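*Asks:* With the sequence up front, the predicted model follows.
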Amino acid sequence: MSGKEYPISTEFVQQAHVTPEQYDALYAQSIRAPKQFWGEKALKFITWFKPWNEVLTGSFEKANVSWFQEGKLNAAYNCLDRHLETRANQVAILWEGDDPSEVRKLTYAELHEEVCRLGNVLKKQRIKKGDRICIYMPMIPEAVIAMLACARIGAIHSVVFGGFSADALKARIEDVDCHLVITANEGLRAGKTISLKKNVDEAIQDCPQVQRVIVVKRTENAVPWNAVRDVWYHDLMADAPKQCPAEMMDASDPLFILYTSGSTGKPKGIVHATGGYLVYAAITHYYVFDYHAGDIYWCTADIGWITGHSYTVYGPLLNGGTTVIFEGVPHYPDFSRCWDVIDKHRVTIFYTAPTAIRALRREGDAWVTRAERHSLKLLGTVGEPINPDVWEWYYNVVGEKRCPIVDTWWQTETGGAMIAPLPGAMPLKPGSAAKPFFGVVPAVVDEQGHDVPAGVMGKLVIKQPWPGMMQTIYKNRERFIDGYFKEFPGYYAAGDDARCDADNYFWIVGRNDDVLKVSGHRLGSGELESALLHHAAISEAAVVGVPHAVKGESLYAFVVTKADVGISEQLKKELIQQVRRLIGPIATLEYIQWTDGLPKTRSGKIMRRLLRKIANNDLKELGDVSTLADPQVVDNLIKNRIDLRDV
Ligand code: PRX
């Protein structure tokens, strides 16, 4: 299990920010004296209007950790203004549209001006510090401008992934209680249009608090218009002043809220505070990607996800980089798209998800080798475990054995990469996220919270606070405490299973709760089940994950219909449609097994652990079934299980 090792080339090591010795020394220092370490780094990576009183206060025990208290700063100022003296004419955003012929470049000076203008537009709409703004946009420069304009005036952005449905958008708008939504008339994806504005209209039908919708014109197609509520972005921007002071924000003021799925209940609004988040996004971007001035950096993540926040927008801009914003998809116009983008823009760092790598690998090497890829120097992956075979393909074929791969483990909640090989500082092991970042103390523990020996699987916890950690769950401190700090008092419980080998390399196995990862997208069993239960014919449902060669996991649903309802192919189609409508196309059920009942404990809790084993045909060791209310249910479920397709 300690795996094959790949050393980093001498050439790479010579220019890397951190050597192996430096990593060991810096890591030890960051753990021994975290306040000193983070205080120094916060000054190096971020410009403060006023320094903090205390680097770190609070504890995991009390779930009241706070970073850089009383420090004053502004995120947009740090991403833009402070670079103007030296980088005004450097490209900040390098945008390529869905159609490869569409390219836009915005320098730091231009991006600064746009952000200031939009900041003024928002102020004119009576948006104040602390107000929440929902951004539901395609991957176009205006999406980044919107995020930074919010940050500039102290509004809290809540970006909702453009692939979420109107219902999912509505739930997020309601929870975050915003008065203004920024969207586009349509999005474009693989040549097809996506009706974003129409979804917004539908979402806010019953949300009277939304009084204004600002619409970017991305396509020429007309969309329904409410003259009282809707305004064109470009009309508002035309006469907006170019000067907009950056609001003084407290380090603990929220910068953004981003919704993510938990195992139960509705998606939770993860709140990130300005100070700690920015320090952590900047420093991790710099070290993990071995970022150097002049790099052309491309993270394929949509801004609707945390990876898009930290490593498409904030990290690279904080470090004065050129960040590629890509509207398209890897298979359009053909499977060479990513490699063509890399050649065209001389991309040096490429960061994507295992699901995309698996999909491209399946199409064969010729799509890759057709492109040169000479500019590439580093590759990255995030979001789910990467299988060693897929890692090797990425390394050998895409990176031509010359580019280190940084397999970065982290979460929406952690704000930035937590476990990742620092390239240059350690050899790589395919399938392992390697070692902790500075200041991060991960451990693998048993049910009682004791460290397990090397090589043994257990639950992943983090033992010390780090600056990127979430501040709370929006309007739900109780869920914040219960979800992360209750299981192992004094530790942050990550919700993942992992092993740590004798070389102190971490191997992430997957979630140990009811959170699923489909094509790298995080979905909760609970929300999928609620979506199914919305159908009048359904009385009970449980959804689990089963392996899928490209998506990583796909969705297997066990469904109980109401007594008077017959099962049919038509009903199956309706259920699939319904879940897609309520959540979005990322939530497409792959298998539906009809059943008369679900295995439940005597207290009525669905035993998803058992269902997972049944769906996966892993029947040898069903575990403790003594608490089952009706053991007969299990036999029936096994008898009628669906054979997984060979995908
Ligand atoms: O299960 C882990 C998996 O993704 C989860 C977090 O999902 P999300 O909040 O959507 O953030 C994803 C992007 C940061 C984790 O609990 N995960 C993330 N990165 C890895 C991973 N699993 C294995 N290896 C990784 N590198």
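*Replies:* Yep, that arrived.
*Asks:* Now do the contacts for residue 337.
*Replies:* 100, 328, 329, 330, 331 (CB atoms under 8 Å, 6 or more residues apart in numbering). (Glycine included, C-beta is placed from N, CA and C.)
*Asks:* and those, which are buried?
*Replies:* 328, 330, 331 (16 or more other CB atoms under 10 Å).
*Asks:* Residue numbers of the stretch 451-600 of the chain in contact with the ligand?
*Replies:* 494, 495, 496, 508, 510, 511, 517, 522 (CB under 6 Å from any ligand atom).
*Asks:* Those residues in strands, which ones?
*Replies:* Under the assignment DSSP state E, those contribute 494, 495, 496, 508, 510, 511, 517, 522 to strands.
*Asks:* Enumerate every residue touching the third one.
*Replies:* For residue 496, the contact set (CB under 8 Å, 6+ apart) comprises 409, 459, 460, 508, 509, 510, 511, 512.
*Asks:* if we can go back for a sec, out of the ones in strands among the residues of the stretch 451-600 of the chain next to the ligand, which is nearest to residue 374?
*Replies:* Of all these, residue 374 sits closest to residue 508, with 32.0 Å by CB to CB.
*Asks:* Isn't the closest one up against residue 459?
*Replies:* No: using CB atoms under 8 Å, residue 508 is not in contact with residue 459, being 11.5 Å away.
*Asks:* In the stretch 351-500 of the chain, what residue lies closest to the ligand?
*Replies:* residue 412 (3.4 Å; CB to the nearest ligand atom).
*Asks:* returning to what we had before: anything in contact with each of residue 508 and residue 459?
*Replies:* Joint contacts of residue 508 and residue 459 (CB under 8 Å, 6+ apart) are 496, 497, 498.
*Asks:* Can you verify the last one is assigned to a strand?
*Replies:* Right, the one you point to is residue 498. Yes: residue state for residue 498 (DSSP: H, G, I helix; E, B strand; the rest coil) corresponds to a strand.
*Asks:* From the ligand, how far out is the residue of the chain most remote from its centre?
*Replies:* What lies farthest from the middle of the chain is residue 564; by CA atoms, centre = their mean that is 42.1 Å. Separation of residue 564 from the ligand (CB to the nearest ligand atom, to the nearest Å): 40 Å.
*Asks:* Doesn't that residue belong to a helix?
*Replies:* No: assessed with three-state DSSP, residue 564 is coil; it does not lie in a helix.
*Asks:* Would you list the phi and psi of it?
*Replies:* Phi and psi for residue 564, reported as degrees, to the nearest 10, are phi -90, psi 10.
*Asks:* Could you list the low-confidence segments of the stretch 101-250 of the chain?
*Replies:* By pLDDT under 70, the stretch 101-250 of the chain contains no weakly predicted segment.
*Asks:* Which residues of this protein lie near the ligand?
*Replies:* Close to the ligand, as judged by CB under 6 Å from any ligand atom, the chain has residues 260, 306-307, 382-385, 407-412, 433, 494-496, 508, 510-511, 517, 522.
*Asks:* Please repeat the previous calculation with a cut-off of 5 Å.
*Replies:* Proximity of the chain to the ligand (CB under 5 Å from any ligand atom) is limited to residues 307, 382-385, 407, 409-412, 433, 496, 508, 511, 522.
*Asks:* Among those, which ones are in strands?
*Replies:* Judged by DSSP E, strands contain the following of these: 382, 407, 496, 508, 511, 522.
*Asks:* now the residues you listed in TSV, with distance to residue 573 and pLDDT?
*Replies:* Converted to TSV, those look like this (distance: CB to CB, whole Å; pLDDT from 0 to 100):
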residue	distance to residue 573	pLDDT
382	34	98
407	38	98
496	35	97
508	36	97
511	29	94
522	26	96
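*Asks:* Which two among those are spaced furthest apart?
*Replies:* Of all pairs in these, the most separated under CB to CB is 407 and 522 at 17.7 Å.
*Asks:* In terms of neighbours, single out the busier of the two.
*Replies:* Using other CB atoms under 10 Å as the criterion, residue 407 and residue 522 rank with residue 407 on top: 26 against 20.
*Asks:* For beta bridges, what are the partners of that one?
*Replies:* Residue 407 has the following beta-bridge partners by DSSP bridges: residue 381.
*Asks:* what's near enough to touch it?
*Replies:* 380, 381, 382, 386, 391, 420, 421, 428, 431, 432, 433, 434.
*Asks:* rewinding a little: can you tell me which of the ones in strands among the residues of the stretch 451-600 of the chain next to the ligand lies nearest to residue 314?
*Replies:* residue 522 (19.6 Å).
*Asks:* Give me the next element, helix or strand, following the longest helix belonging to the chain.
*Replies:* The single longest helix within the chain, with elements called by DSSP state H, is helix 108-124. Using DSSP states H and E, the helix or strand that directly follows helix 108-124 along the chain is strand 132-136.
*Asks:* Partner strands of that following strand, with direction?
*Replies:* When sheet partners are counted by DSSP bridges, strand 132-136 sits next to strand 156-159 (parallel), strand 180-184 (parallel).
*Asks:* Would you mind writing the CA trace of that strand as CSV?
*Replies:* In CSV, the C-alpha atoms belonging to strand 132-136 read as follows (Å, rounded to 0.1, in the frame of the first residue of the first chain):
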residue,chain,number,x,y,z
ARG,A,132,-26.0,38.8,0.2
ILE,A,133,-25.9,38.6,-3.6
CYS,A,134,-26.6,35.5,-5.6
ILE,A,135,-24.5,34.9,-8.7
TYR,A,136,-25.9,32.4,-11.2
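*Asks:* Residues in contact with that strand: which ones?
*Replies:* So strand 132-136 is contacted by 122, 127, 143, 146-147, 150, 155-160, 162, 164, 169, 172-173, 176-178, 180-183, 196, 199-200, 257, 303 (CB under 8 Å, 6+ apart).
*Asks:* Buried ones only from these, please, as a ChimeraX command.
*Replies:* Selecting only the buried entries of those in ChimeraX, with 16+ other CB under 10 Å as the criterion:
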select :122,127,143,146,147,150,155,156,157,158,159,160,162,164,169,172,173,176,178,180,181,182,183,196,199,200,257,303
